[in-house]
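Q: turn this into a structure:
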Amino acid sequence: MKSNKTLKILGNLDVGVSCVMMVALVILTFVGVLMRYIMRSPITWQEEVQMLLFLWIVFLGGAGAFRAGSHIAIEILVDALPKKIGGVIERFDVLLQLLILVYLFWQEIQYYNQLIVAGRVTNLLRLPYGAAYAVVPIGGALMLISMLYAAYGRFIKKSGKEEVL
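A: Now for the predicted structure:
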């Protein structure tokens, strides 16, 4: 029983980290507005940190959205069709998502390798781009894993028998 709870916490760690970063982004933005317009002393590094926080929120939150089935979907078409045809379309959709995510993951790896080779750093904080953008391939891998997990739960586990997508 305890291992199930641990697995659930680990499985949602990306969403938790994304939520903490969202809170940090909102607080930083609020403080930045106060500093700029009330104190007349803007935070110079604010925009750079906001951009990095937003990047991490998007890539970590994307994986959680796949697990929850929260990505944009046009279900009205599938619901209007007969159940058998709708099921075929849903499976085709999963296959298409898988192909797109594999392609994007490959591109993310290539992009990240370019950042590492270039050895550039951010303008103000002097963070290596390799560290700042590490979430790109990590998030891509998590989205791929989460999509496969959601597809497994939706098609195989739900039916109670092992079937091929």
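Q: roughly how far does the residue nearest to residue 36 when sequence neighbours are not counted sit from residue 21?
A: Nearest non-adjacent residue to residue 36, counting by CB to CB, 6 or more residues apart in numbering: residue 42, 4.4 Å away. C-betas here are computed from N, CA, C, even on glycine. When distance is defined by CB to CB, to the nearest Å, residue 42 is 22 Å away from residue 21.
Q: which one's more surrounded, these two?
A: Set residue 42 next to residue 21 and count neighbours by other CB atoms under 10 Å: residue 21 wins out with 20 against 13.
Q: spatially speaking, which residue is in the middle of the chain?
A: residue 62 (2.4 Å; CA atoms, centre = their mean).
Q: skipping adjacent residues, who's closest to that one in space?
A: Using CB to CB, 6+ apart, the nearest residue to residue 62 is residue 143, at 5.0 Å.
Q: what about the one you found, how many neighbours?
A: 26.
Q: again, but for the one 10 residues further on
A: Burial measure for residue 153: 12 neighbouring residues, criterion other CB under 10 Å.
Q: could you look up the SS state of it?
A: helix (DSSP: H, G, I helix; E, B strand; the rest coil).
Q: quick check: it vs residue 67, distance?
A: From residue 153 to residue 67 the distance is 9 Å (CB to CB).
Q: coming back round to it: the residue nearest to residue 36: which element?
A: Residue 42 is part of no helix or strand when elements are defined by DSSP states H and E.
Q: which residues sit in contact with it?
A: Taking CB atoms under 8 Å, 6 or more residues apart in numbering, we find residue 42 in contact with 32, 35, 36.
Q: of those, closest to residue 95?
A: residue 32 (44.1 Å; CB to CB).
Q: before we move on, the earlier item: which strands and helices sit next to the helix or strand encompassing the residue nearest to the centre of the chain?
A: Assigned by DSSP H and E, residue 62 falls within helix 46-68. Under the contact criterion of 3 or more CB pairs under 8 Å, 6 or more residues apart in numbering; DSSP states H and E, helix 46-68 touches helix 13-37, helix 135-151.
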